[in-house]
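K.L.:
can you look at this prediction? I've put the sequence above it.
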2 protein chains.
Amino acid sequence: MEFSKINTPQRVKVALLGCGTVGGGVIRLLRDNAEHLAARVGAELEIAHVLVRDTSKQRVPECLPGWLTTDPEVVLNDPSVDVVLELMGGEHPAKSLVERALESGKGVVSANKFLLAKHGPALIARAAQRGVDLAFEASVGGGIPVIRTLRDSLTSDWVSSIHALLNGTCNYILTRMRQEGLPFESILADAQRLGYAEADPALDVDGHDAAQKLVVLAMLAFGAELVGEVHTEGIRDLDETDFRFAERFGFTIKHLAVGIDRGEQLELRVHPALVPQANPLASIHGVLNGVFIHGRALGPCLLVGRGAGEMPTAVSVVADLVDVARARVEGASGLATRAIRTKKKQLMPLGELEARYYLRFDVRDEPGVLGTIASELGKHNISVEQMVQEGRGSPGATVPVLMITHRSREAAVDAALSAVAKAGFLARKPRLLRIEEF
Amino acid sequence: MEFSKINTPQRVKVALLGCGTVGGGVIRLLRDNAEHLAARVGAELEIAHVLVRDTSKQRVPECLPGWLTTDPEVVLNDPSVDVVLELMGGEHPAKSLVERALESGKGVVSANKFLLAKHGPALIARAAQRGVDLAFEASVGGGIPVIRTLRDSLTSDWVSSIHALLNGTCNYILTRMRQEGLPFESILADAQRLGYAEADPALDVDGHDAAQKLVVLAMLAFGAELVGEVHTEGIRDLDETDFRFAERFGFTIKHLAVGIDRGEQLELRVHPALVPQANPLASIHGVLNGVFIHGRALGPCLLVGRGAGEMPTAVSVVADLVDVARARVEGASGLATRAIRTKKKQLMPLGELEARYYLRFDVRDEPGVLGTIASELGKHNISVEQMVQEGRGSPGATVPVLMITHRSREAAVDAALSAVAKAGFLARKPRLLRIEEF
């Protein structure tokens, strides 16, 4: 075999913006696989700059001190830089640096879900106009090739739905809550100790991280530039009772991100849900992420892997870098990015959702309670498929009443729950969990 | 957004070799997604010829009669044809047509696992020398983007192992045997009636189809040009007793294709195996395929989807066509194919395998039998972790004795089973199933 392009003097110069754990992994992969990568790109990849906040900080030994700079102008004003890898995260200064890199004709690879979720369509349009590429496999699902699958493999297909576990921290906590029957707070504390949860866990456990990733997936899968906010619920309220009864009814509780094409509207939501135990997503445990795609022609397709972490994310960054660099070598920059087309899409109001529901009422154990609940549900046309009332405690104690409804409209369920709440026998707000069957 | 390249008069001419169900799906996808595909490729895709055996046969309405020809020379001698889609299957005449197409500088997309398994490295070398592309996503796993993932996403990574369900017919039969407790033959008959199994089921149920696909995956994942034959077992011998005890021990029986990098050697094998019920592959039911990849940097990655069928396979063919066509438009043909590098690899002898084993002895129910079995296992250093002997029947009746061993060397287990077989109390050959934990 001949590798004619390797022997040409051509090089692709790369700059890293940020050099945390993922940046260190990228530098390591570029060094360890230099020859193989050059064969794929048709030119050698050469690191020119690494933008950091503090040049004195200890980094991976493969990171040469001469690369380091704290001045973004050094990177942006260097016309020899071909591709910029944005590994900073957050909105500022990542957004303006990416915009300026695109403007100056550089290709960009970003691992920044927040940036893509908030400004993806605008940045893609800017890259397309400028004739350069913006790639972002690492922004969702770490090492799972979900962006690539949506973008490339489905070139000729239409995605009808996505059901995904997009947050490893949530999946880790729920897996252990289910296995060990311990409360949320104690598993969270353990996860923080083990490095699976941040000191401030809100972004993860309240669902915002998953919601940002869902917006990025929806942009590719449905060509959606969203109007409005994704309905987002976290996992703090779940307890051992929910897990126990979910199991009893044949389900597992997972923190799901759901996207469904509803024609003119898009159904997007992030929340804990009951998934049948036989569903493949139910078997994805611990910090793993999973994305279940349903394509019109493709049928079902499930992708599972590590959703975060230094090396899996670095693998995705380097795969994108190879694509972007190769397109530059070939003089074909921008083609892959131009093919991503988005248009404004309205979100379907959550009240219009139809699903089966798990309802939990923590009630004072007194006569007539069940009758009141049942009659309010009946008034709202909600029929109950299964009901369990825990064995009676002492008189006046709080006991849970659990129900699985037949398929109902969420607006009606909400109205019924509000009516029940007024009756005064509830120890706390009723719990509603959606049952997802796909 | 501008799509400058679409407005150029440039076209990529495509010829189909074969027009069965997958070919019909491809033609349909090319028509339905013409605009989107042109944007991705940078040029319109135009079908020039469709090679068939019988021009009078009824085809999808999108297939224009003017395309049809029974003469391969019409396709191969047309210099305007850029890309050939080989959808014939089998070795002849597919091999020589693909070779001639590559020689004449055409890109080739093939869905032919047999061709790739038997001649993959040679065809890839030929394509690379000629500076054209040979793409084959559809040859393994239908619509699952496994080739693309191995080739592109893992550009910077090394695959350490693959565990896969590669044959939908086997998975369908085993799923129903487990769920319904019916014998192999009756489920097979049903599968044939429903179109999930061929009239001659040998290729599927004896494991050869999965073995061919494993060879193709090993070529990409491990850069392996195989020396020797993959150890291949089918599913005909399994019965209700195996399923019952597998479940009792906490496992599910799946037909697995396994590939593990053992340094200088490669461990490749295809056989039914016991998979822990909590393993994600255990939840992949029916005709679905699944590929579990472990990358050194990536960690675990699981891909699941329809492994066969008109539209999923057609989606993969079109995704490949887009890549190959785009590389031609860009003047960068052959780069993706050249990056696939293979070298000769020896297979690890199966006797060197170390695993836990499920052993089943169907014995005449008489005193001393268990002692003989246990002592033969002991002599070969095989220690038993669990043992179950079915409730005694009438004296002299056949009863199964089931064992799960601790980790043992397969050569030792084979020797022990041969020694037990000599004792004369076995109603049939002992059954050995490997336990796969990954």
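P.N.:
Looks like it arrived, so ask away. Numbering: from 1, shown residues only, chains lettered A, B, ... in the order given.
K.L.:
tell me where the model's unsure across the stretch 101-250 of chain A.
P.N.:
Along the stretch 101-250 of chain A, the model assigns pLDDT under 70 to residues A:153.
K.L.:
chain B contacts on that one?
P.N.:
Residues of the stretch 101-250 of chain A found near chain B, taking Cβ under 8 Å from any Cβ of the partner chain as the criterion, are A:125, A:128-129, A:137, A:143-145, A:148-149, A:152-157. For every residue, glycine as well, the C-beta is placed using N, CA and C.
K.L.:
let's see which of those residues end up in strands.
P.N.:
Judged by DSSP state E, strands contain none of these.
K.L.:
of all the residues you listed, which two lie farthest apart?
P.N.:
Maximum pairwise distance among these (Cβ to Cβ): 30.9 Å, between A:Gln129 and A:Gly143.
K.L.:
out of those two, which sits in the busier spot?
P.N.:
Using other Cβ atoms under 10 Å in any protein chain shown as the criterion, A:Gln129 and A:Gly143 rank with A:Gly143 on top: 30 against 14.
K.L.:
show me what contacts the more buried one?
P.N.:
By Cβ atoms under 8 Å, 6 or more residues apart in numbering or on different chains, the contact set of A:Gly143 is A:305-306, A:309, A:311-313, A:315-316, B:153, B:295, B:297-299, B:301.
K.L.:
now, which of those residues sits nearest A:Arg178?
P.N.:
For the contacts of A:Gly143, the nearest to A:Arg178 is A:Arg306 (20.1 Å; Cβ to Cβ).
K.L.:
the closest one: how many residues sit nearby?
P.N.:
The number of residues near A:Arg306, taken as other Cβ under 10 Å, comes to 23.
K.L.:
bridged to it, which residues?
P.N.:
Residues in a beta bridge with A:Arg306, per DSSP bridges, are A:Leu288.
K.L.:
so for it, what's the pLDDT?
P.N.:
Per-residue confidence (pLDDT) for A:Arg306: 92.
K.L.:
so what does the closest residue to A:Arg409 other than its chain neighbours look like in phi/psi?
P.N.:
The shortest distance from A:Arg409 to any non-neighbouring residue, by Cβ to Cβ, 6 or more residues apart in numbering or on different chains, is to A:Glu354 (5.4 Å). Note on A:Glu354: its backbone torsions stand at phi -120, psi 130 [degrees, to the nearest 10].
K.L.:
got it, and A:His406?
P.N.:
When read as degrees, to the nearest 10, the backbone of A:His406 gives phi -70, psi 170.
K.L.:
could you measure from A:Tyr31 over to chain B?
P.N.:
Quick fix: residue A:31 is Arg, not Tyr. Between A:Arg31 and chain B the computed distance is 10 Å (Cβ to the nearest Cβ, to the nearest Å).
K.L.:
tally of neighbours for that residue?
P.N.:
Neighbour tally, A:Arg31, other Cβ under 10 Å: 16.
K.L.:
for it, which three-state class applies?
P.N.:
Assigned state for A:Arg31: helix (three-state reduction, DSSP: H, G, I helix; E, B strand; the rest coil).
K.L.:
that one touches A:Val60, doesn't it?
P.N.:
No: taking Cβ atoms under 8 Å as the definition, A:Arg31 is not a contact partner of A:Val60, at 9.4 Å.
K.L.:
circling back to that earlier point, in PyMOL, how would I select the buried members of the residues of the stretch 101-250 of chain A next to chain B?
P.N.:
Command for PyMOL that selects the buried part of those, burial taken from 16 or more other Cβ atoms under 10 Å in any protein chain shown:
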select buried, chain A and resi 125+128+137+143+144+145+148+149+152+153+154+155+156+157
